[in-house]
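Peer 1: Structure, please.
(2 chains)
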Amino acid sequence: MMHLEQVVLLAAEESRAVAIEGSAAKTDAPALVLQDLHKSFRSQIVLNGIHLNVSSGETLAVLGRSGTGKSVLLKLIIGLQKPDSGSIHIHGQEITGLDLDALNEIRKKMGFLFQHAALYDSLTVEHNVAFPLKRHTKMTDSEQRDRVKELLAAVGMEGDLQKMPADLSGGMQKRVGLARALALEPAILLLDEPTAGLDPITSGEIDELILKLQEEHDMASIVVTHDLHSAKTIADRIALLHEGNVLIEGTFQELEKSDDQFVSEFLKRDS
Amino acid sequence: MPSTLTSVWSLTNRFLEWFGNLGLFAWQVLRAAVRRPFEGRELIRQLDEVGSRSLPLVALAGAAIGAVLALETRSSLVQFGAKSMLPAAIVFSIIHETGPVVTGLVVSGRVGAGIGAELGSMKVTEQIDAIEACGVNPYKFLAFTRIVACILMLPLLTLAADFCGVMVGWIANTLVEPISFQKFIHQGLAGTSFNDFLAPTLRTAVFGLIIGMIACFQGMRTQGGTAGVGLSATSSVVLSSLFVILADVILVKFILVFFS
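Peer 2: Have a look, this model is predicted:
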């Protein structure tokens, strides 16, 4: 007869195996859990019961056709929009019902790279990256300057401190946006189309940069993208959204093996 | 007939919806205002933007009003044999009505359009979302600072417009018929009390509240692309000018009742 301890151990091992199976999850603890998330705009249903989770150190790429609610998903996670129903847990804390002050505390744990970088166009590159530091840290001016230089060096923009966003190319703006998103050393990084509108070489550089940053910081990342090559390069897992739901979730190889017509069509069109 | 009723109903609905949303916006700003941090640096930047940068235009408008009043009023007063009343007519008119209203309208145009376009552009390029995503309250950082700057700066700009108007009124008067500045001011202020000066100047703080609130509201609710930004800038100017004129009518009545 099997002892209770052995049963528990076996069950724990089995659950761990299930968690890792079909993914390259690096830790078990989910940094982010989305449960039964619904969002509509008037009569248009955008998200219809999304379930997703991302662990620390893991990168999840969210793919899907235009208008399937990929960017909306990121905005729900960071609290820029409220879900109609469902829950969002960040490190175990439910955030959908939080008041603004509590939500702002959670937001400090997250970095967000917007699709068009959304740099403050009245501020220099230096002040853009320093913006979260000025608000949320007690760093002195010189400490802030050092931190900004360090962040910009990490994204290869250390020589452009005094430039205005209008003087930067799309790729450079994305790099500065990434530096700003990383300023508070977030535990969760949300990237909205990091390579959209960029040439293949710059896209590759951004992908390499994201991979490098992932190695250096142990963040949970969600990358919304249309760029399948980029998703393949940087993501541990891929979730494909279709008609408001996650149609399939797994590694790129698992998606390739899928018999679903939409999945095959999507991968074929994008490759 | 039913279609006319429908369009009137729809217009009324839109008007009430706009007012309701403005009320909600004002509540959000008020709630944000009482929480830390108080955004001192941004407030100083906005005081400079609204105050210093509007000063040349406001001073010029005040000077032009002074010159026009001196030239236009002279001929009328000469006709009625009341030439000696000219300094009083110029000073009283500028301080009481023309200075505050012209300042309100000039600032509506310059600052209202600026705020509407700037915030509108920030909205459509997701910069406001980026501020929020950084854990910063945009109602405080963007709206509250601009509204307070408008409230504080309007009375000061009105003083500048009044001063330039009176000075240029005196110069224009002196060019036709020399009179010392001391005598001009003495005659101009004869029979006026401190309330005649204080109440009209302070009512421009209400104009500042209207301009700041409407321009921030229109800017932060911008939708669409560049067309939306243009629409926000235009509607900021049109609506804030309209409400400044309406407020002026109401406040004049209020001042007449309580300060006369």
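
Peer 1: now for the helix or strand encompassing A:Leu73, which elements pack on it?
Peer 2: Counting by DSSP states H and E, the element that carries A:Leu73 is helix A:70-77. With contacts taken as 3 or more Cβ pairs under 8 Å, 6 or more residues apart in numbering or on different chains; DSSP states H and E, helix A:70-77 sits against strand A:30-41, strand A:44-55, strand A:59-64, strand A:85-90, strand A:188-192, strand A:220-224. C-beta coordinates here come from the backbone N, C-alpha and C atoms, glycine included.

Peer 1: Please save the CA atoms from the fourth one in CSV.
Peer 2: Output for strand A:85-90, consisting of C-alpha atoms alone and laid out as CSV, is shown next (Å, rounded to 0.1, in the frame of the first residue of the first chain):
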residue,chain,number,x,y,z
SER,A,85,-16.2,40.2,-16.0
GLY,A,86,-13.5,37.8,-15.0
SER,A,87,-10.4,38.2,-12.9
ILE,A,88,-6.8,39.3,-13.3
HIS,A,89,-4.3,38.2,-10.6
ILE,A,90,-0.9,39.8,-10.4
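
Peer 1: and the next helix or strand after that strand, anywhere near chain B?
Peer 2: Secondary structure here is assigned by DSSP H and E; on that basis, the next helix or strand after strand A:85-90 toward the C-terminus is strand A:93-94. No - using Cβ under 8 Å from any Cβ of the partner chain as the criterion, no contacts between strand A:93-94 and chain B are found, and the smallest distance is 15.0 Å.

Peer 1: Which strands and helices lie in contact with strand A:93-94?
Peer 2: Packed against strand A:93-94, as judged by 3+ Cβ pairs under 8 Å, 6+ apart, are no other helices or strands.

Peer 1: That strand pairs with which strands?
Peer 2: strand A:85-90 (antiparallel) (DSSP bridges).

Peer 1: Contacts made by the partner strand with the rest, please.
Peer 2: The set of residues external to strand A:85-90 that reach it, using Cβ atoms under 8 Å, 6 or more residues apart in numbering or on different chains, is A:30-38, A:49-50, A:76-77, A:94-96, A:106, A:109-110, A:188.

Peer 1: tell me the angle that strand makes with strand A:188-192.
Peer 2: Strand A:85-90 and strand A:188-192 are oriented at 120 degrees to each other (axes from the mean of the first three to the mean of the last three Cα atoms, to 10 degrees).

Peer 1: Buried residues of strand A:85-90, list them for me.
Peer 2: Buried residues in strand A:85-90, defined by neighbour count with 16 or more other Cβ atoms under 10 Å in any protein chain shown: A:86, A:88-90.

Peer 1: how big is the angle separating it from strand A:44-55?
Peer 2: Calculated by the same axes, to 10 degrees, strand A:85-90 forms an angle of 30 degrees with strand A:44-55.

Peer 1: Centre of the chain to the helix holding A:Leu73, how far?
Peer 2: 10 Å (Cα atoms, centre = their mean, to the nearest Å).

Peer 1: Stretch A:151-163 too?
Peer 2: Using Cα atoms, centre = their mean, the mean C-alpha position of stretch A:151-163 is found 22 Å from that of the whole chain.

Peer 1: Any part of that stretch near chain B?
Peer 2: No - contact of stretch A:151-163 with chain B is not found when judged by Cβ under 8 Å from any Cβ; the minimum separation is 14.1 Å.

Peer 1: Dump the C-alpha coordinates for that stretch into PDB.
Peer 2: The C-alpha trace of stretch A:151-163 is given here as PDB (Å, rounded to 0.1, in the frame of the first residue of the first chain):
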ATOM      1  CA  LEU A 151      19.000  51.800 -19.100                       C
ATOM      2  CA  LEU A 152      19.800  53.600 -22.400                       C
ATOM      3  CA  ALA A 153      23.100  51.800 -22.600                       C
ATOM      4  CA  ALA A 154      21.200  48.500 -22.200                       C
ATOM      5  CA  VAL A 155      19.100  49.300 -25.300                       C
ATOM      6  CA  GLY A 156      21.900  50.800 -27.300                       C
ATOM      7  CA  MET A 157      20.800  54.400 -27.000                       C
ATOM      8  CA  GLU A 158      23.300  55.900 -24.600                       C
ATOM      9  CA  GLY A 159      24.400  58.600 -27.000                       C
ATOM     10  CA  ASP A 160      21.000  60.100 -27.500                       C
ATOM     11  CA  LEU A 161      20.100  61.500 -24.100                       C
ATOM     12  CA  GLN A 162      19.300  65.000 -25.200                       C
ATOM     13  CA  LYS A 163      17.400  64.100 -28.400                       C
END
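
Peer 1: now what about it, what contacts it?
Peer 2: Contacting residues not belonging to stretch A:151-163 are listed as A:124-126, A:129, A:148-149, A:168, A:172, A:175-176, A:178-180, A:182-183, A:205, A:209, A:212-213, A:216 [Cβ under 8 Å, 6+ apart].

Peer 1: again, 6 Å this time
Peer 2: In this structure, residues lying in contact with stretch A:151-163 by Cβ atoms under 6 Å, 6 or more residues apart in numbering or on different chains are A:124-126, A:129, A:175-176, A:178-179, A:182.

Peer 1: Contact residues of chain A facing chain B?
Peer 2: Within chain A, the residues that sit near chain B (Cβ under 6 Å from any Cβ of the partner chain) are A:78, A:80, A:104, A:107-108, A:112, A:114, A:118, A:120, A:132, A:135.

Peer 1: and residue 225, how many neighbours?
Peer 2: Unless you meant another one, I'm taking chain A. If you count neighbours by other Cβ atoms under 10 Å in any protein chain shown, A:Thr225 ends up with 25.

Peer 1: please go with chain B instead
Peer 2: The burial count assigned to B:Gly225 is 11, neighbours taken as other Cβ under 10 Å.

Peer 1: Next one: it relative to B:Leu142, how far apart?
Peer 2: Here the distance between B:Gly225 and B:Leu142 works out to 20 Å (Cβ to Cβ, to the nearest Å).

Peer 1: Please apply the same query to A:Leu189.
Peer 2: In this structure, A:Leu189 and B:Leu142 are separated by 25 Å, where distance is defined by Cβ to Cβ.
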